[in-house]
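Enquirer: Got a sequence here, can you build the structure:
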Amino acid sequence: QVQLVESGGGLVQAGGSLRLSCTASERTPMGWFRQAPGKERDIVAGIAFSGGRTYYADFVKGRFTISRDNAENTVYLQMNSLKPEDTAVYYCAARKMGDYGLGLDPSMYAYWGQGTQVTVSS
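Expert: All right, here's what the predicted structure looks like:
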């Protein structure tokens with residue numbers, strides 16, 4: 001069982017920045033997803049076990065950065081140049097123990113954080 005604790009999020013004006021954090025009880029590949037009302041949960045970014053490989057959805061490339069501090073079992077999502085369409089609940093997710101690669105689909109993740117609201121005003 002991997003437990004996840006998210007922090008960060010909030011209200012920011014368009015063009016602003018926010019940083020999300022997710023601390024896990026175990027080290028596994030992790031990702032950030034988001035879900036807006038009435039929409040599916042989409043991957044935003046993923047990071048492999050070592051942190052050497054990352055993935056970004058096209059809609060955040062060049063604006064968001066995923067990173068991890070393996071000593072603290074914490075993954076970060078730095079979000080810059082935020083847009084109103086980035087408004088959503090953001091979820092941290094972890095793959096199961098023994099997985100090492102990137103996960104690009106929600107079905108590849110076994111554990112989920114509680115979610116944190118990100119609201120970008122225009």
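Enquirer: Leu20 falls within a helix, correct?
Expert: No: the secondary structure assignment for Leu20 gives strand rather than a helix, going by DSSP: H, G, I helix; E, B strand; the rest coil.
Enquirer: Would you mind naming the residues that bridge with it?
Expert: With DSSP bridges as the criterion, Leu20 is bridged to Leu77.
Enquirer: Give me the pLDDT for it.
Expert: In this prediction, Leu20 carries a pLDDT score of 98.
Enquirer: which residues does it contact?
Expert: Leu20 is in contact with 6-9, 32, 76-77, 79, 90, 92, 116, 118, counting by Cβ atoms under 8 Å, 6 or more residues apart in numbering. To be clear about C-beta, it is placed using only N, CA and C from the backbone, and glycine gets the same treatment.
Enquirer: let's see 10 Å
Expert: Residues counted as contacts of Leu20 (Cβ atoms under 10 Å, 6 or more residues apart in numbering) are 6-10, 32, 44, 64, 66, 75-79, 90-92, 113, 116, 118.
Enquirer: do the same with Val12
Expert: For Val12, the contact set (Cβ under 10 Å, 6+ apart) comprises 18, 79, 82, 86-87, 118-121.
Enquirer: picking up where we left off before, can you flag the buried ones in the contacts of Leu20?
Expert: Burial by neighbour count, judged by 16 or more other Cβ atoms under 10 Å, picks out 6, 8-9, 32, 44, 64, 66, 75-77, 79, 90-92, 113, 116, 118 from those.
Enquirer: how about the strands of the protein, start to end?
Expert: Under the criterion DSSP state E, strands of the chain are mapped to 4-7, 10-13, 18-24, 30-35, 42-47, 54-56, 64-69, 74-79, 88-94, 111-112, 116-121.
Enquirer: Same list, those strands, but as CSV with distance to Gly101 please.
Expert: Compiled in CSV, those are given as follows (distance: least, Cβ to Cβ, whole Å):
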stretch, distance to Gly101
strand 4-7, 19
strand 10-13, 32
strand 18-24, 17
strand 30-35, 11
strand 42-47, 9
strand 54-56, 10
strand 64-69, 14
strand 74-79, 15
strand 88-94, 13
strand 111-112, 16
strand 116-121, 25
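Enquirer: I'd like to know how far Gln78 sits from Pro106.
Expert: Counting by Cβ to Cβ, to the nearest Å, the gap from Gln78 to Pro106 is 22 Å.
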